[in-house]
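**Q** Only the shape, not the letters, is given here:
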């Protein structure tokens, strides 16, 4: 099946700094990628849809100036958490749609962000 | 009322037991129904999907959808310790690949 990677797998940063998370589709191209956030014991919540060559689409309540998304190529999307605060500590997961079943998404392994 | 409700558990069963995991939903516009398995600190992986009422079987797993009751289930037969994970139901309206609505997930532990 299709493979999606994320880097880093975990990161600890100080409050006020920015953190960049990369999401790559390794063996297929993805014009669209999705970014989710998962708090402990909570479900995955879609944050934004990353579109190659155009602006990302953000879900209601997600600050686009705080969570910067750049879909640089057909295999890479990045999420930058700017001016991170402890409440941004979470598990961030990206996904990309597959080529077969129209609604299947392949998920990356996730990035655990801890803001001190 | 949340769009998708799922009992978070935890659910603990002995090895070999039949496991039943369930979700209810409120929006009759949902068309595609999926079950994902998520191991600790990992991304979800798709187990099964279906888009019609009825049963779909794949090995030890059976997905069941009852659209009239807005109820979906995942059954695991002959459960194994390796099945220990969090199981998330997900659904969407179809046509929009991004808008997956997830349940909270049920944490399953299969004891040897």
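**A** Alright, I've got the coordinates. Not measured: the values here are computed from a predicted model.
**Q** which residue sits closest to residue A:65 in space, ignoring its chain neighbours?
**A** Leaving aside its chain neighbours, residue A:65 sits nearest to residue A:82 (7.3 Å; criterion: C-beta to C-beta, 6 or more residues apart in numbering or on different chains). C-beta: built from backbone N, CA, C; applies to glycine.
**Q** Go ahead and confirm the one you found touches residue A:63.
**A** No: using C-beta atoms under 8 Å, residue A:82 is not in contact with residue A:63; the gap is 9.2 Å.
**Q** who's more crowded, those two?
**A** When neighbours are counted by other C-beta atoms under 10 Å in any protein chain shown, residue A:82 and residue A:63 differ, and residue A:82 comes out ahead with 15 against 10.
**Q** Can you pull the phi/psi pair for residue A:87?
**A** phi -70, psi -10 (degrees, to the nearest 10).
**Q** Quick check: the gap between the nearest residue to it once chain neighbours are set aside and residue A:42.
**A** Distance criterion C-beta to C-beta, 6+ apart; nearest residue to residue A:87, sequence neighbours excluded, is residue A:115 at 7.9 Å. Taking C-beta to C-beta, to the nearest Å as the measure, residue A:115 falls 17 Å from residue A:42.
**Q** These two - which one has more neighbours?
**A** residue A:115 (20 against 14).
**Q** Tell me what residue B:86 is bridged to.
**A** residue B:38, residue B:107 (DSSP bridges).
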